[in-house]
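S.K.: For reference, the sequence and a predicted model appear below.
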Amino acid sequence: MEGYYYVYIATNTRHTVLYTGATNNIFKRTWQHKDKIHKNSFTAKYNIEKIVFYEVFTNSIDAIAREKQIKGGSRSKKLKLIEDLNPCWHDLIEESLK
């Protein structure tokens, strides 16, 4: 079943750690990060709670390829993606719920 797929970069409140992921439900994934559903995960350990960049895809193959491309890139490339889209580093999911 095809739908929407999201590739995202999330961070902690101090913006010291970046996490790149992919999901078909960005709202649910945000909630999972914030509530630390997986207690021993990287995102729980480093308090990853804020999505500061995302792209939308209509098929999972393209989304997974883009996730791998972003993950393989340098921190400076990830910072550029974030700052081009979201220079103030707002929580994009929180903002969309307002």
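M.R.: Yep, it's here. These numbers were taken from a predicted model, which means no experiment stands behind them. Numbers count the residues shown, from 1 in each chain.

S.K.: what about the longest helix in the protein?
M.R.: Longest helix in the chain, counting residues (DSSP state H): helix 60-72.

S.K.: Dump that helix to CSV, keeping only the CA atoms.
M.R.: Extracted in CSV, the C-alpha atoms of helix 60-72 (Å, rounded to 0.1, in the frame of the first residue of the first chain):
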residue,chain,number,x,y,z
SER,A,60,8.9,4.1,0.2
ILE,A,61,11.8,3.2,-2.2
ASP,A,62,12.5,6.9,-2.8
ALA,A,63,12.1,7.8,0.8
ILE,A,64,14.6,5.1,1.9
ALA,A,65,17.1,6.1,-0.7
ARG,A,66,16.9,9.7,0.4
GLU,A,67,17.2,8.7,4.1
LYS,A,68,20.4,6.8,3.2
GLN,A,69,21.7,9.7,1.2
ILE,A,70,21.2,12.2,4.1
LYS,A,71,22.6,9.7,6.7
GLY,A,72,25.7,9.3,4.6
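
S.K.: where in this protein is pLDDT low?
M.R.: Within the chain, the ranges that satisfy pLDDT under 70 run 1-2, 98.

S.K.: so where do the helices sit in it?
M.R.: Under the criterion DSSP H, helices of the chain are mapped to 26-34, 42-45, 60-72, 75-85, 92-96.

S.K.: and the longest one, what does it pack onto?
M.R.: Packing contacts for helix 60-72, counted by 3 or more Cβ pairs under 8 Å, 6 or more residues apart in numbering; DSSP states H and E, involve strand 5-11, strand 18-23, strand 50-57, helix 75-85. The way it works is simple: take the backbone N, C-alpha and C, and place the C-beta from them, glycine included.

S.K.: can you do 7 Å?
M.R.: Under the contact definition 3 or more Cβ pairs under 7 Å, 6 or more residues apart in numbering; DSSP states H and E, helix 60-72 sits against strand 5-11, strand 18-23, strand 50-57.

S.K.: Name the residues that touch that helix?
M.R.: Contact partners of helix 60-72, identified using Cβ atoms under 7 Å, 6 or more residues apart in numbering, comprise 5, 7, 9, 20-22, 55, 57, 78.

S.K.: Thanks a lot, see you next time.
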